[in-house]
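Q: Need a 3D model of the following:
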Amino acid sequence: MGTEELIHRLAAALAIGLLVGTGRHWRERQEAAGRRTAGVRTFALTGLFDGVMAVLVSALVEPGGVLLLGFGLIALLAAQLPFALREAAAENRVSATSQVAALATY
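A: Numbering: from 1, shown residues only. So this is what the prediction gives:
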């Protein structure tokens, strides 16, 4: 894979994250400052992380690539879980929409 193709793939992953993040941010636009979670920046970083993982997986041979893909998914979930639990406790309600959107972005 050449440098130009690598940049295009990472840019596409970042763009997907930005689109999902914009939708999530728009949904929570009426929330007070500090109450909004997982918006544009979070999903942009998630999309970029996912793009990097995809590039790394494509560079590895079969068993290593699949393991790395699974590790990336576990890392994503581990990073989100504390914030999801904190949000659920603060709002006294459970919602998995942000986590499902992050998984779909992955």
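
Q: Could you list which residues are in contact with Ile16?
A: Counting by Cβ atoms under 8 Å, 6 or more residues apart in numbering, Ile16 makes contact with 47, 105. (Each C-beta comes from the backbone N, C-alpha and C, glycine too.)

Q: ok now the helix or strand where it lies, how far from the chain's centre?
A: Element membership for Ile16 (DSSP states H and E) is helix 3-27. Put simply, helix 3-27 sits 10 Å off its chain's centre (Cα atoms, centre = their mean, to the nearest Å).

Q: Scan this structure for its longest helix.
A: If you go by DSSP state H, the chain has its longest helix at helix 62-91.

Q: packing partners for that one?
A: Applying 3 or more Cβ pairs under 8 Å, 6 or more residues apart in numbering; DSSP states H and E, we find helix 62-91 packed against helix 40-59, helix 97-105.

Q: just checking, which of the ones you listed sits deepest inside the structure?
A: Using mean count of other Cβ atoms under 10 Å, the stretch among those with the greatest mean number of neighbours is helix 40-59 (a mean of 18).

Q: Looking at the residue most central in space within the chain now. What's its pLDDT?
A: For the chain, the residue nearest the mean C-alpha position is Thr46 (2.8 Å; Cα atoms, centre = their mean). Looking at Thr46, its pLDDT is 89.

Q: My guess is it contacts Leu18. True?
A: No: counting by Cβ atoms under 8 Å, Thr46 stays clear of Leu18, with 10.2 Å between them.

Q: Now for the two: what residues contact both?
A: Counting by Cβ under 8 Å, 6+ apart, Thr46 and Leu18 have no common neighbour.

Q: ok, now how distant is the spatially closest residue to Thr42 that is not a sequence neighbour from Ala104?
A: The shortest distance from Thr42 to any residue other than its chain neighbours is 6.3 Å, reached at Gly21 (Cβ to Cβ, 6 or more residues apart in numbering). Separation of Gly21 from Ala104 (Cβ to Cβ, to the nearest Å): 12 Å.

Q: His25 too?
A: Distance, His25 to Ala104, using Cβ to Cβ: 16 Å.

Q: ok so, going back, next, the angle helix 40-59 makes with the helix holding Ile16.
A: Orientation check (axes from the mean of the first three to the mean of the last three Cα atoms, to 10 degrees): helix 3-27 against helix 40-59 gives 150 degrees.
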